[in-house]
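**Q** Give me a 3D structure for the following:
(one chain, ligands or ions: 1)
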Amino acid sequence: MLDYLRKECRDSTGFVVPVPDRMIMQEQYELIDKLLETRELSKEEWIQVLENRNAASADYLFEKARRIREAVYGKDVYIRGLIEISSYCKNNCYYCGIRRDNRKAERYRLTPEDILRCTDEGWRLGFRTFVLQGGEDGYYTDDLLCDLLEKIKSRHPGCAVTLSLGERGEKSFRRLFEAGADRYLLRHETADSNHYAMLHPPEQRLETRKECLFALKRIGYQVGSGFMVGSPGQTTENLAEDLLFLKELNPQMVGIGPFIPHHDTPFGTCPAGSVELTVYLLGLIRLMLPHVLLPATTALGTLDPQGREKGILAGANVVMPNLSPVAVRKKYSLYDNKLCTGEEAAESLSALKERIHRIGYTVVIDRGDYR
Ligand code: SAH
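**A** Residues are numbered from 1 along each chain as shown. Model (predicted):
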């Protein structure tokens, strides 16, 4: 079916002639329409729609994406207070600034009391969801976390708690869910096992990651997955596989952001991912998963001062300001120049609200559950 859409074709005498641009455009519109109608594309179609994208197809896509997001969530933008609880990590992901072997990383961990203080401050500021994120740090046992979850829930009835603490066993996930955790973020990072092996040491396996994600879904969490855009070695085919995997998992949340190098990692000199491609992917994901909670991520805001606005205008509906204690923020350094003050900070919420208001959307005080 896509034969006539190839970038080149041969005339009757066998000479290669360029396909007119409008045929490529026609293909883009058809693929976007098909995605809108059927909520899925084949691997080949994903590759086509990504490789032949351009400014006009982006406008077309984002207009559809906004229409869908507004049909499901109106003009509301949900906020999550991000509390970075630990920079200790037993893992050694090649891209991440807090990887185990980065001797230069400054390590800290927050106690349950520190975390409770953050949630108190967050609640006062209008946050109704708290995201506890950190490296894989053995300090946070199930007992400690269950006790903490119960305390957060009793101090702030009606709030939602999201955990983003890496891989754990199904039993652990279940105990945390029963103690009050509502959601869990665990990006799959890449759905291709060869690419996964380029980004992680051999003891970390894509299969384990996927098993965790399916376990979280079985237990009843609202689950978030996702990947970095432009991570070293990533191909368009890998991105197509990421989109197919997301379709299969059908998560309630999808976090994607551009890869950004961290100078003290093996990928310190690799180029950063593209904001433009990230935003295009946000639009595509909105069409594929109409109800998904889709953040305009910190990494997007770090690479482009307008990144979050661009994300929202492409179909994103969540932002996650930083609610960590100011003294530790710089130490949670996943990549270089990570935003953590200014409008990225929870205490500057009014400035963020204003910016979002200017593009026609409204920050709401709400748990912001999946609909
Ligand atoms: N330990 C938790 C949290 C990881 S940090 C876990 O394993 O899920 C959250 C996300 O930050 C990661 O999933 C990864 O996709 C992203 N990240 C890490 N290093 C990055 C970098 N250099 N550039 C962009 N994003 C990065």
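
**Q** okay, CA-based contacts and neighbour counts for the rest of this
**A** OK.

**Q** Please report phi then psi for residue 346.
**A** Here is the backbone geometry of residue 346 (degrees, to the nearest 10): phi -60, psi -40.

**Q** and it, what does it touch?
**A** Residue 346 makes contacts with 81, 122, 125, 321-323, as judged by Cα atoms under 8 Å, 6 or more residues apart in numbering.

**Q** cutoff 7 Å now
**A** Taking Cα atoms under 7 Å, 6 or more residues apart in numbering as the criterion, residue 346 is in contact with 81, 321-323.

**Q** ditto for residue 261
**A** Residue 261 makes contact with 95, 267-272, 335-336, according to Cα under 7 Å, 6+ apart.

**Q** Can you tell me which of the contacts of residue 346 end up in strands?
**A** Per DSSP state E, strands hold the following members of the contacts of residue 346: residue 81.

**Q** Quick one: the contacts of residue 261 as JSON lines, columns for neighbour count, pLDDT and secondary structure too.
**A** Putting the contacts of residue 261 into JSON lines (neighbours: other Cα atoms under 10 Å; pLDDT from 0 to 100; DSSP: H, G, I helix; E, B strand; the rest coil) gives the following:
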{"residue": "95", "neighbour count": "26", "pLDDT": "98", "secondary structure": "coil"}
{"residue": "267", "neighbour count": "19", "pLDDT": "98", "secondary structure": "coil"}
{"residue": "268", "neighbour count": "18", "pLDDT": "98", "secondary structure": "coil"}
{"residue": "269", "neighbour count": "12", "pLDDT": "98", "secondary structure": "coil"}
{"residue": "270", "neighbour count": "17", "pLDDT": "98", "secondary structure": "coil"}
{"residue": "271", "neighbour count": "13", "pLDDT": "98", "secondary structure": "coil"}
{"residue": "272", "neighbour count": "18", "pLDDT": "98", "secondary structure": "coil"}
{"residue": "335", "neighbour count": "21", "pLDDT": "96", "secondary structure": "coil"}
{"residue": "336", "neighbour count": "16", "pLDDT": "94", "secondary structure": "coil"}
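
**Q** coming back round to it: just the closest of the contacts of residue 346 to residue 150, please.
**A** residue 81 (17.9 Å; Cα to Cα).

**Q** Show me what that closest one bridges to in the sheet.
**A** Counting by DSSP bridges, residue 81 is bridged to residue 130.

**Q** From residue 125, how far out is it?
**A** Look at residue 81 and residue 125: by Cα to Cα, to the nearest Å, they are 10 Å apart.

**Q** Let me know whether stretch 216-228 sits next to the ligand.
**A** Yes: for stretch 216-228, a contact with the ligand is found by Cα under 6 Å from any ligand atom, at 227-228.

**Q** Now the terminal residues of that stretch, how far apart.
**A** 21 Å.

**Q** Please apply the same query to stretch 230-240.
**A** The straight-line separation of the ends of stretch 230-240 (Cα to Cα) is 13 Å.

**Q** So for the strand or helix carrying residue 281, mean pLDDT?
**A** According to DSSP states H and E, residue 281 maps onto helix 275-288. Across helix 275-288, pLDDT averages out at 98.
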